[in-house]
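1. give me coordinates for this.
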Amino acid sequence: MQLNKIHSVQTLALVAKELGEDEDWLSDLATEMEPEDGLIWVYGPNDTVMAFSPFGVENLCDLIALHRERSE
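-> Have a look, this model is predicted:
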């Protein structure tokens, strides 16, 4: 039996704050990500929150860099 090895996630809001980026912009970028990339959806009774595993934060940072390279 395979066990999930993700021990924690960070919400989009926290990642945006830590990276000094706009939350809405990061949300748009993260739509390119899949669960295999570390994107996790957290469902609650009143809302759904985008979150990232540590691997997901790394991949999101790579997407940010790639997007900025394309914009130059």
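2. so what does the least confident helix or strand in the chain by mean pLDDT touch, helix or strand wise?
-> Every helix and strand in the chain was compared by mean pLDDT, DSSP states H and E; the lowest is helix 54-71, with a mean of 94. For helix 54-71, the elements it packs on are helix 12-19, helix 23-30, judged by 3 or more CB pairs under 8 Å, 6 or more residues apart in numbering; DSSP states H and E. Backbone N, C-alpha and C define where each C-beta goes, glycine included.
3. got the contact list for the nearest residue to residue 50 once chain neighbours are set aside?
-> Leaving aside its sequence neighbours, residue 50 sits nearest to residue 12 (CB to CB, 6 or more residues apart in numbering; 4.3 Å). Applying CB atoms under 8 Å, 6 or more residues apart in numbering, we find residue 12 in contact with 23, 26, 27, 30, 49, 50, 51, 52.
4. could the helices and strands packed on helix 54-71 be laid out in TSV, adding mean pLDDT?
-> TSV is the format used below for the helices and strands packed on helix 54-71 (pLDDT from 0 to 100):
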stretch	mean pLDDT
helix 12-19	98
helix 23-30	96
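5. nearest to residue 61 among those helices would be which one?
-> Closest to residue 61 of those, according to CB to CB: helix 12-19, at 7.3 Å.
6. ok, back up a step: what's the least confident helix or strand of the chain in contact with?
-> With contacts defined as CB under 8 Å, 6+ apart, helix 54-71 is touched by 8-10, 15, 19, 21, 26, 29-30, 32-33, 37-40, 52.
7. quick one, that helix and helix 23-30 angle?
-> 90 degrees (axes from the mean of the first three to the mean of the last three CA atoms, to 10 degrees).
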